[in-house]
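Q: Turn this into a model:
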Amino acid sequence: MPSLEKFYGQYESKGLVLFRMNTKESRESIHKFLGKNASPLPILLDEKNKVGKLLGVWVHPTSYLVDSKGMLRYRAVGVADWTGIEAVSIADRLLGEKQ
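A: Numbering: from 1, shown residues only. The predicted structure follows:
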């Protein structure tokens, strides 16, 4: 997910909070994967897929942008280009909104 890491690096200092969520693998599998594929992005483990079901995740990856009020504002199903104009303009708009 290089474009997601680049996106995070570009927007972290502007207030972006980013999490990855895993609904399939065990904690041990994730630790093994991260041992071989280091990443600055935190991973939330949803072992029972409660959050995944709540959000309607049926394809991996599925990405959501949530505003400062906790409202889902954008969803990308499948691989997304987080360095593209669409993602950048949505992030700029959401981060620029008054709370």
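Q: contact partners of stretch 2-18?
A: Applying Cβ atoms under 8 Å, 6 or more residues apart in numbering, the contact partners of stretch 2-18 are 20, 39-42, 63, 68, 80-84, 87-88, 91, 95. C-beta coordinates here come from the backbone N, C-alpha and C atoms, glycine included.
Q: what's the single longest helix in the chain?
A: Counting residues, the longest helix found in the chain (DSSP state H) is helix 85-96.
Q: any idea of the mean pLDDT for it?
A: Regarding helix 85-96, the rounded mean pLDDT is 92.
Q: just stretch 6-24 next, same as before
A: Mean per-residue pLDDT for stretch 6-24: 89.
Q: Break down the chain into its helices, ranges please.
A: Using DSSP H, helices in the chain cover 2-11, 27-36, 50-55, 85-96.
Q: same for the last one, what does it pack against?
A: For helix 85-96, the contact count by 3 or more Cβ pairs under 8 Å, 6 or more residues apart in numbering; DSSP states H and E identifies helix 2-11, strand 62-66, strand 72-77 as packing neighbours.
Q: next one: the first one to chain centre, how far?
A: Centre-to-centre, helix 2-11 and its host chain are 10 Å apart (Cα atoms, centre = their mean, to the nearest Å).
Q: Show the end-to-end separation of stretch 42-61, please.
A: 15 Å (Cα to Cα, to the nearest Å).
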